[in-house]
Every structure is written in C-alpha cells, then in structure tokens.
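Visitor: coordinates only, sequence not included:
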C-alpha cells in the first residue's frame with residue numbers, strides 16, 4: 001500500500017505541472033504574436049471613409065456625364081433642325097434676270113427651275129429635289145454619275161435618260177448665259193448630243 005500511496009500524489013502533480021507550463025507558454029506565445037488591433041481598426045476606418053468618398057464622387061461624375069450627354073443630344077438635335085432650315089447662300093450670289101431669260105426663251109422662266117434643262121421634266125425635277133438638288137448651282141456641281149444615280153432611284157422608266165449635258169446646261173443657266181443655253185439646247189435631242 002505504501003507504494004500505491006506514493007504514486008497517487010504524482011498522478012495529480014504531473015498534470016498540474018504540465019498545465020502550468022502550457023499556460024505559461026501560451027501566455028508567452030500570445031505576447032509574442034499579439035498585434036495592435038487598434039491601429040488596424042483605424043486604418044480600416046480610414047479606408048472605408050475614402051471608399052465612401054470615391055463612391056460619392058463617382059456618382060456625382062456619373063450624373064454630370066448623363067447631364068452633358070443629354071445637353072449634347074439636345075444641341076445636336078437643335079443643330080440638325082437649324083441645318084435643315086438653312087438655305088445655301090453663296091458669298092457672291094448671282095442675280096437672276098427673269099426679263100432677259102423671258103426675252104431669249106420667249107416664255108417666263110422661274111428662278112432655279114430645273115425643267116429649263118433639256119431632258120428634265122417635272123417628275124425628274126422631283127427626283128432631284130429628293131436628293132436635295134434644288135438649284136441650277138446644285139445641279140451644275142453634280143457629277144454625271146450622281147445624276148444617273150438620281151435617275152436610277154426613280155426606276156426603270158428613268159434609266160433611259162442620259163444626263164451627260166445636264167450639269168453644263170445648269171451652269172449656263174446659273175451664269176445667266178441664256179442665249180448660249182438656248183443655242184446649245186437647239187442642237188440637243190432630249191438632253192443628249
């Protein structure tokens with residue numbers, strides 16, 4: 001029994017000593033690896049406030065961008081409607097002498113009447129108006145290929161016309177060279193040489 005009595009206190013003492021050693025080591029390790037949480041919290045708060053500031057600035061800039069897009073769209077819309085109302089005016093507009101044109105042609109001639117061109121009738125004039133070619137000056141600056149494109153847009157019945165002389169005739173009309181225009185038209189056959 002004596003041996004059993006001496007072994008019992010060591011059964012209790014060894015776990016107590018191991019517990020104290022583990023507690024001491026835990027304390028030392030905790031002190032060694034302990035970080036300053038208050039500094040991290042301050043830094044986190046700082047970053048959070050910067051993030052909120054950036055988000056509010058982003059939202060402000062986004063709303064400004066949308067406002068500028070709307071304003072730009074309205075300006076473009078207004079500009080396009082004004083462009084439609086602006087007529088082409090040359091710096092040095094040539095004057096139209098209707099009396100001289102009437103004397104040469106023997107009939108009243110309207111200013112910028114495309115039907116004065118040999119080979120152009122009311123329907124072809126309408127086709128040119130659809131392509132925004134409304135004056136003698138416009139027609140005189142139009143290529144023969146473009147004239148043919150205008151005719152092609154009207155269908156097969158207009159493709160037979162030959163617009164080869166139309167820009168030159170329009171130039172003579174624009175320049176007020178009525179006598180030359182009439183003489184040339186007398187040589188033409190429906191606008192063809």
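Guide: Ah, there it is. None of these values were measured; they are calculated from a predicted model.
Visitor: any weak-confidence spans in the protein?
Guide: Residue ranges of the chain with pLDDT under 70: 1-8, 10, 35-39, 81-93, 189-193.
Visitor: Which helix or strand lies directly C-terminal to the longest helix anywhere in the chain?
Guide: With secondary structure taken from DSSP state H, the chain has its longest helix at helix 37-85. Per DSSP states H and E, helix 37-85 leads on to helix 98-105 as the next helix or strand towards the C-terminus.
Visitor: From the contact counts, what lies against that next one?
Guide: Here helix 98-105 touches helix 178-187, going by 3 or more Cβ pairs under 8 Å, 6 or more residues apart in numbering; DSSP states H and E. Quick note: C-beta positions are derived from backbone N, CA and C, even for glycine.
Visitor: My understanding was that residue 120 contacts residue 165; is that so?
Guide: No: in this structure, residue 120 is not within contact of residue 165 by Cβ atoms under 8 Å, at 10.6 Å.
Visitor: how much space between the residue nearest to residue 96 when sequence neighbours are not counted and residue 140?
Guide: Leaving aside its chain neighbours, residue 96 sits nearest to residue 111 (4.5 Å; criterion: Cβ to Cβ, 6 or more residues apart in numbering). According to Cβ to Cβ, to the nearest Å, residue 111 stands 14 Å off from residue 140.
Visitor: Between these two, which is the more surrounded one?
Guide: Taking other Cβ atoms under 10 Å, residue 111 and residue 140 do not tie; residue 140 has more neighbours (19 against 12).
Visitor: How much space separates the more buried one from residue 40?
Guide: 81 Å.
Visitor: Residue 146 now?
Guide: Distance of residue 146 to residue 40, computed by Cβ to Cβ: 75 Å.
Visitor: Looking at these two, which one has more neighbours?
Guide: More crowded of residue 146 and residue 40, by other Cβ under 10 Å: residue 146, with 16 against 10.
Visitor: So which elements touch the strand or helix carrying that one?
Guide: Using DSSP H and E, residue 146 falls within helix 144-153. Applying 3+ Cβ pairs under 8 Å, 6+ apart, one finds that helix 144-153 contacts helix 122-130, helix 156-159, helix 166-175.
Visitor: contact partners of that helix?
Guide: With contacts defined as Cβ atoms under 8 Å, 6 or more residues apart in numbering, helix 144-153 is touched by 124, 127-128, 130-131, 133, 139, 158-159, 161, 163-164, 166-167.
Visitor: Can you give the distance from that helix to the centre of its chain?
Guide: From the chain centre to the centre of helix 144-153 is a distance of 29 Å (Cα atoms, centre = their mean, to the nearest Å).
Visitor: got the angle between that helix and helix 122-130?
Guide: Calculated by axes from the mean of the first three to the mean of the last three Cα atoms, to 10 degrees, helix 144-153 forms an angle of 110 degrees with helix 122-130.
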